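A.B. asks: Quick one, what's the 3D model for this:
(2 chains)
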Number of protein chains: 2
Amino acid sequence: MTTISTIGIIAAALTTGAYIPQAYKTIKTRSTKDLSIVTFTMLFIGTILWFIYGLYINDTPLMLANGITATLSGIIFSLKIKSFGRRRRR
Amino acid sequence: MTTISTIGIIAAALTTGAYIPQAYKTIKTRSTKDLSIVTFTMLFIGTILWFIYGLYINDTPLMLANGITATLSGIIFSLKIKSFGRRRRR
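C.D. replies: Next up is the predicted model:
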């Protein structure tokens, strides 16, 4: 395997796996004050669109990476939305 | 332009621009407690590797998107590191 494809695979693993620690921290602490709702809305919709794009051009790595990222950013997004609900009930 | 390339462009714009609101919020509030340091370390390194990969295969959109994301996640990453420093001095 060439150096550059190794770099590509590491980059893909890092940027796909990057949301696991944030999803874990948010699930554990339920604290989302510092997270931007706009960022996770854009990430959630954007990665779903990338998933559809990968589906259409039959690119499995693109589907896999964005399927994972969409799921993780979706979890964070829904916890952020829930926190708005909790704040109103206080 | 076909529907699927429109989907790809919107996906790219959303996932690249997604970090602008988070960087803005973090710069304004200086509050990073809810942000995962591991996530932004992985994003920062991952997007730099994608940038190098794009440079190597001469793919300008890949370089541009990841150059922007690396800069934004780098800003958030450095503010998070700084917040560790502030906590130790208290």
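
A.B. asks: packing partners for the helix or strand of chain A with the lowest mean pLDDT?
C.D. replies: Sorting the helices and strands of chain A by mean pLDDT, DSSP states H and E puts helix A:60-89 at the bottom, at a mean of 89. The elements that helix A:60-89 packs onto, with contact taken as 3 or more C-beta pairs under 8 Å, 6 or more residues apart in numbering or on different chains; DSSP states H and E, are helix A:3-17, helix A:19-29, helix A:37-56. For the C-beta atoms, the positions are set from N, CA and C on the backbone; glycine is no exception.

A.B. asks: Run the angle between it and helix B:3-17 for me.
C.D. replies: Interaxial angle of helix A:60-89 relative to helix B:3-17 (axes from the mean of the first three to the mean of the last three C-alpha atoms, to 10 degrees): 60 degrees.

A.B. asks: next one: helix A:60-89 to chain centre, how far?
C.D. replies: Centre-to-centre, helix A:60-89 and its host chain are 6 Å apart (C-alpha atoms, centre = their mean, to the nearest Å).

A.B. asks: repeat for stretch A:45-63
C.D. replies: 14 Å.

A.B. asks: And the contacts of it?
C.D. replies: A:12, A:66-67, A:69-70, A:73, B:4, B:7-8, B:10-15, B:18 (C-beta atoms under 8 Å, 6 or more residues apart in numbering or on different chains).

A.B. asks: 10 Å instead?
C.D. replies: Contact partners of stretch A:45-63, identified using C-beta atoms under 10 Å, 6 or more residues apart in numbering or on different chains, comprise A:8-9, A:12, A:16, A:19, A:64-74, A:77, B:2-18.

A.B. asks: one step back: can you list the helices and strands packed on helix A:60-89 in CSV and add distance to residue B:25, mean pLDDT and mean neighbour count?
C.D. replies: Output for the helices and strands packed on helix A:60-89, formatted as CSV (distance: least, C-beta to C-beta, whole Å; pLDDT from 0 to 100; neighbours: other C-beta atoms under 10 Å in any protein chain shown):
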stretch, distance to residue B:25, mean pLDDT, mean neighbour count
helix A:3-17, 21, 93, 16
helix A:19-29, 15, 96, 17
helix A:37-56, 8, 96, 21
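
A.B. asks: Now render the ones you listed as a markdown table, adding distance to residue B:46.
C.D. replies: Converted to a markdown table, those look like this (distance: least, C-beta to C-beta, whole Å):
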| stretch | distance to residue B:46 |
| --- | --- |
| helix A:3-17 | 3 |
| helix A:19-29 | 11 |
| helix A:37-56 | 14 |
